[in-house]
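Asks: coordinates only, no sequence provided:
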């Protein structure tokens, strides 16, 4: 039986002549295969999970360009708390 590699044990070799994107693609495809095996799910389940991550703003898909990790968004409730804090501080001065 083949010993399973830890997902964090995969590395990208920045000194290799193999392009970084290709090295990462190979790692991601191995991760997807491992996720399917570990959780006993099909690739379509992984695809659906990625779709949900896209809807939640973790990744972006652009037709003809690919899938990208999204920049973190400031949570709305954090902004409202900061505004509330500012307003309370402002009115205390008056």
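Replies: Thanks, I have it. Keep in mind the model is a prediction, meaning the values are calculated, not measured. Numbers count the residues shown, from 1 in each chain.

Asks: quick one: mean pLDDT over stretch 52-63.
Replies: Averaged across stretch 52-63, pLDDT comes to 86.

Asks: what's the neighbour count on residue 60?
Replies: For residue 60, the count of nearby residues is 14 (other C-beta atoms under 10 Å). Quick note: C-beta positions are derived from backbone N, CA and C, even for glycine.

Asks: and what about it, helix, strand or coil?
Replies: The local conformation at residue 60, judged by DSSP: H, G, I helix; E, B strand; the rest coil, is strand.

Asks: just after the biggest helix by length in the chain, pick out the following helix or strand.
Replies: Assignment by DSSP state H gives helix 20-39 as the longest helix of the chain. Next along the chain after helix 20-39, taking DSSP states H and E as the criterion, comes helix 43-55.

Asks: which other residues reach that next one?
Replies: With contacts defined as C-beta atoms under 8 Å, 6 or more residues apart in numbering, helix 43-55 is touched by 32, 35-36, 39, 59-61, 67.

Asks: repeat the analysis, applying 6 Å as the threshold.
Replies: 32, 35-36, 59, 61 (C-beta atoms under 6 Å, 6 or more residues apart in numbering).

Asks: in that helix, which residues are buried?
Replies: Across helix 43-55, burial judged by 16 or more other C-beta atoms under 10 Å covers residue 46.

Asks: on that earlier part again, for the longest helix of the chain, name the packing helices and strands.
Replies: In this structure, helix 20-39 packs against helix 43-55, with contacts taken as 3 or more C-beta pairs under 6 Å, 6 or more residues apart in numbering; DSSP states H and E.

Asks: and the helix it packs on with helix 20-39, angle?
Replies: 120 degrees (axes from the mean of the first three to the mean of the last three C-alpha atoms, to 10 degrees).

Asks: quick check: which ranges of the protein have low pLDDT?
Replies: For the chain, the stretches with pLDDT under 70 are 1-8, 73-94.
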